[in-house]
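Engineer: Let me see the structure of the following:
(4 chains)
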Protein chains: 2
Amino acid sequence: MTRRPTLKTIADRVGVTVSAASLALRDDPRISTATRSRIQEAAEAVGYVYNRHAAGLRRGDSGTVAVCLNDLSNPFFTEFLGHMETRFREAGRMMLFCHAHETPSIQARFIRQMAEHGAAGLILVPVAGTSREDLDGPRVRHLQDFPLVLISRDVADTAFDRVINDDEHGVRLLFDHLHALGHRRFAWLGGGGDTSTAHDRERSFRREMDAAGLPVDETTIHHGPTSLAFGDRMLDELMALPTPPTAIVCFSDVIAFGVLAACYRRGLRPGIDLSVTGFDDMGAAAYSAPALTSVRVRTDLIGNRASELLLARIAGDRQPAVREMMPPELVVRETTGPPPEDSERPSRG
Amino acid sequence: MTRRPTLKTIADRVGVTVSAASLALRDDPRISTATRSRIQEAAEAVGYVYNRHAAGLRRGDSGTVAVCLNDLSNPFFTEFLGHMETRFREAGRMMLFCHAHETPSIQARFIRQMAEHGAAGLILVPVAGTSREDLDGPRVRHLQDFPLVLISRDVADTAFDRVINDDEHGVRLLFDHLHALGHRRFAWLGGGGDTSTAHDRERSFRREMDAAGLPVDETTIHHGPTSLAFGDRMLDELMALPTPPTAIVCFSDVIAFGVLAACYRRGLRPGIDLSVTGFDDMGAAAYSAPALTSVRVRTDLIGNRASELLLARIAGDRQPAVREMMPPELVVRETTGPPPEDSERPSRG
DNA sequence: TTACGTAATTCAATCGATTGAACCAATGCG
DNA sequence: CGCATTGGTTCAATCGATTGAATTACGTAA
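Structural biologist: Coordinates of the predicted model:
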């Protein structure tokens, strides 16, 4: 097993110096066309592979960018990943990737490691509970003056770029839709973690209830993980209430899908016997049975804008940190409809 | 903006040499406990961040591993990603990630780039159409003697490690189940690309049909992308046939979900009016309405084993390449049942 | 006191690519 | 013919960490 060829291998072969080889392979005009092509041919011939460790050491940029997601099992987040990956690939940068499993220690470790690797920037969906200190504090000095863009979830009081969805508006769209259909008894499912999305969406939900003059029945508010199982499990609980809700507003599509599964099992017809809404409008929402009414979070806009912003920062953009909110869109499908006729009569009445 | 601290920064501060600092931070016994802790404190104090470019240049291993997936939109593949990410994280390695979008040129470019970055190994779900030459040929010498493990999809005639699912057996399980229920008219949906999974599953399907003495009606065989839309679209086409199938065998859960959506729209009851099967048994299969009968592909076993194998290769294991097949499991849920009573009468008869 | 062993630390070369400055040769111009 | 210019290439220092060999300091045995 011979050693991997280097610029020296090429230079010796052609009869020039390492410098010439270096310049030639990067199409520097200082090297004549003739020698340049001889060098390039030699590189090809010996199977030369550029060594970014060496280059990165000298130049300071490794050509990588880091991305840390809180949860891979939720397709919503992989949508982001897809958009960003494309953007970075086009920019010629590789992606260091981490799945933080909603675990602060994993996130913290990754942030350190990506700094060690010389990643030029970081895009982060902060795990639940991430605070200012985790990104900004004295123990994470590598993030000072470091290109970092938060997406999807905000972290209060930080001076980093953020690209997020307008969650409060999204909930308002859903609420208005359901309220206009005649619903008065609502349930709220999900949003268990300490994240801006959980807080913002629930706050907005409560505010809308309040604005509509509806009391919030705390027995219809259930926090829990963003999982199919949670939605599935909670429907039974809600239906067992003395006055079950006529509309279930879910923190996420994933939870709503779980609710739909439970509806099927109980013989409840979503959109007729009960209204169910999701949030995110991931690809699968249009194909559930029945198709899910949801709020589209523009993962494309957010992912692309975040990537752009990060690349600009890496390129040296020094403008003050921005906080951009992308507009959600209500997508009405089949799981919402007017409340059933007899819904005004509480079942115990 | 001061320059990032290096070993020299620390050394100067403590009053020792760079070598001492280097050794101390790696807990080398050559440095006394006293100075070692002074050095470690100084490192902490100045906010030192290890520079892997420099270390990697000298030592030759950057501590990264590369993973290239063909398709992120399919949760089946992100399941792999999750398992592998965990394994590599535990092994202290970072992950360079690529989404190849089923595009050979992206895959090829990534393979080159991860070599440039000094990734210690590569796990690859080869994009459709990947041939021996793409991995082994004279144009990709960086993969010679390089730790590479293929997962999920096989590539013929290669001498790389492979960890895949036993697809032929999986299809046999499904077919036997449906055949035992009484089905005789089958349709096959999906498997459009030039991949081993597409070939193996369809070949197995045809073989089973043959073994059962059933003719394969080519109008019930439809190749197409692994997407919800494809499954959704194809149901109408199959139902419009003079003698529609009573069982639809889908290449993937994703396609099956599309079929279920179309069933809902047409008022067909999966498992009663029509049997539908998936393949992969991704998490969502248990929560579709109705719950999907599928074949579980052990992404956990495959992902973990592939990671292990790769780490062993990186550690210097030189045994001949292996090809391991993980056993699939039939998971019977609600979308399969006996064919409807009148199904023996062709609708045109 | 001298020689010696050991512990602690330093020396110095190295990994491979980059780059501003220096060098050399050939050409152009006065 | 001599000097300046330009084009083409090389020189040599540099990035930061690593490591086998060398050195120093110190205590101990002869």
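Engineer: tell me which element A:H169 falls in.
Structural biologist: helix A:167-181 (DSSP states H and E).
Engineer: Get me the contact residues on the stretch 51-200 of chain A for DNA strand C.
Structural biologist: A:N51, A:A54, A:A55, A:L57, A:R58, A:R59 (CB under 7 Å from any atom of the strand). No exception for glycine: its C-beta is placed from N, CA and C like everyone else's.
Engineer: With secondary structure, neighbour count and distance to B:R296 as added columns, please give these in JSON lines.
Structural biologist: Shown next, in JSON lines, are those (DSSP: H, G, I helix; E, B strand; the rest coil; neighbours: other CB atoms under 10 Å in any protein chain shown; distance: CB to CB, whole Å):
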{"residue": "A:N51", "secondary structure": "coil", "neighbour count": "19", "distance to B:R296": "43"}
{"residue": "A:A54", "secondary structure": "helix", "neighbour count": "16", "distance to B:R296": "46"}
{"residue": "A:A55", "secondary structure": "helix", "neighbour count": "18", "distance to B:R296": "45"}
{"residue": "A:L57", "secondary structure": "helix", "neighbour count": "19", "distance to B:R296": "47"}
{"residue": "A:R58", "secondary structure": "helix", "neighbour count": "9", "distance to B:R296": "50"}
{"residue": "A:R59", "secondary structure": "helix", "neighbour count": "12", "distance to B:R296": "48"}
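Engineer: from those residues, which single one is nearest chain B?
Structural biologist: If you rank these by distance to chain B using CB to the nearest CB, A:L57 comes first, at 4.3 Å.
Engineer: low pLDDT regions in the stretch 201-349 of chain A?
Structural biologist: Along the stretch 201-349 of chain A, the model assigns pLDDT under 70 to residues A:343-349.
Engineer: mind listing the strands in it by residue range?
Structural biologist: When secondary structure is read from DSSP state E, counting those that start in this stretch, the stretch 201-349 of chain A shows strands at A:221-222, A:247-250, A:275-277, A:294-296, A:323-326, A:329-331.
Engineer: Got the phi and psi for the most centrally placed residue in chain A?
Structural biologist: Centroid-nearest residue in chain A: A:F77, 4.3 Å away (criterion: CA atoms, centre = their mean). Dihedral pair for A:F77: phi -80, psi -30, per degrees, to the nearest 10.
Engineer: Check A:F160 too.
Structural biologist: Here is the backbone geometry of A:F160 (degrees, to the nearest 10): phi -110, psi 160.
Engineer: Please work out which residues outside stretch A:299-306 touch it.
Structural biologist: Defining contact as CB atoms under 8 Å, 6 or more residues apart in numbering or on different chains, one finds that stretch A:299-306 is touched by A:76, A:79-84, A:87, A:123, A:149, A:151-152, A:161, A:163-165, A:324, A:326.
Engineer: What sits closest to the residue of the stretch 151-300 of chain A found nearest DNA strand D if chain neighbours are left out?
Structural biologist: Residue nearest to DNA strand D within the stretch 151-300 of chain A: A:F160 (24.6 Å; CB to the nearest atom of the strand). Among residues not flanking A:F160 along the chain, A:L148 sits closest, at 4.9 Å (CB to CB, 6 or more residues apart in numbering or on different chains).
Engineer: Would you mind measuring from A:M94 to B:L330?
Structural biologist: 40 Å (CB to CB, to the nearest Å).
Engineer: So for these two, which sits in the more crowded spot?
Structural biologist: Neighbours per residue, other CB atoms under 10 Å in any protein chain shown: of A:M94 and B:L330, the larger number sits with A:M94, 27 against 18.
Engineer: got a list of what the more buried one touches?
Structural biologist: Contact partners of A:M94, counting by CB under 8 Å, 6+ apart, are A:G63, A:T64, A:V65, A:F88, B:L96, B:C98, B:F110, B:Q113, B:M114, B:H117.
Engineer: show me the contacts for the closest residue to A:R185 other than its chain neighbours.
Structural biologist: Leaving aside its sequence neighbours, A:R185 sits nearest to A:P245 (CB to CB, 6+ apart; 4.5 Å). Applying CB under 8 Å, 6+ apart to A:P245 gives the contacts A:R185, A:F186, A:A187, A:T220, A:L238, A:L274.
Engineer: Try it again at 7 Å.
Structural biologist: Shown in contact with A:P245 (CB atoms under 7 Å, 6 or more residues apart in numbering or on different chains): A:R185, A:F186, A:A187, A:T220, A:L238.
Engineer: who does the second one bridge with?
Structural biologist: Here A:F186 sits in beta bridges with A:A247, going by DSSP bridges.
Engineer: Looks like it contacts A:V249 (just checking).
Structural biologist: Yes - in this structure, A:F186 is within contact of A:V249 by CB atoms under 7 Å, at 5.9 Å.
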